[in-house]
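**Q** Sharing a model prediction with you, sequence too.
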Amino acid sequence: ALLSVVEACTARYREDVDFHRAYIDYVRGRYDDALPVFQRLEGDAKYADEAPFYTADIYLKQGRFKEAEQTALRCASRADGPRKAELNRIVGGARYGLGRTAEAMTSLEAYVASTDRPERNALYQLGMCYYDARAFGRAADMLGRVTLAGPDALTQNACLHMGLAFLELEDKTQARMAFG
């Protein structure tokens, strides 16, 4: 409502209003509404660094992995700090989704190393990258971090692959506990 008042007052703040509306849509999971606005704002000097980040993350959430990777890589060179970490998550997640787990591992490791609270999905993807690379000890450790949040489908998948990793390590006791 307040954004409508600001918008009605002047066209001077049009891009600001559009960005904040798109961000609200993004936070609420209305990606189809937010995406075209972020795409348009990528050409605006004020939002040239922020808009591509949200565009890339929406592509990732929509399963448009190639577009997510390309968009994230395009703006990664200008990013630093927490934004750089999140772009590593997006690139890693996109590469994982494309089945390029060896490449995904590098980006996901950089993401996990640079944040205190990595997203569970990224931890799971990194654990599965380790599993695919036959680094079963690292896979079990990473997948174990996923299971700390409590029971859900991601935890169930993590437990399964953690158990399989322990079997590969010939640790039947830990495997039994993982299969729970």
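**A** Sure thing, it's come through.

**Q** what ranges of the chain fall below the confidence cut-off?
**A** Applying pLDDT under 70 to the chain flags residues 1-10.

**Q** could you pull out the helices for it?
**A** Secondary structure of the chain by DSSP state H: the helices cover 2-9, 14-27, 31-41, 50-61, 65-76, 81-97, 101-113, 120-132, 136-146, 153-168, 172-179.

**Q** so can I have TSV of these showing mean neighbour count?
**A** C-betas here are computed from N, CA, C, even on glycine. Converted to TSV, the helices of the chain look like this (neighbours: other Cβ atoms under 10 Å):
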stretch	mean neighbour count
helix 2-9	11
helix 14-27	17
helix 31-41	18
helix 50-61	23
helix 65-76	20
helix 81-97	22
helix 101-113	19
helix 120-132	22
helix 136-146	21
helix 153-168	19
helix 172-179	14
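
**Q** any idea how far Gln125 is from the residue nearest to Pro118 when sequence neighbours are not counted?
**A** Using Cβ to Cβ, 6 or more residues apart in numbering and skipping the chain neighbours, the partner closest in space to Pro118 is Val112 (4.7 Å). Separation of Val112 from Gln125 (Cβ to Cβ, to the nearest Å): 10 Å.

**Q** Lovely, talk soon.
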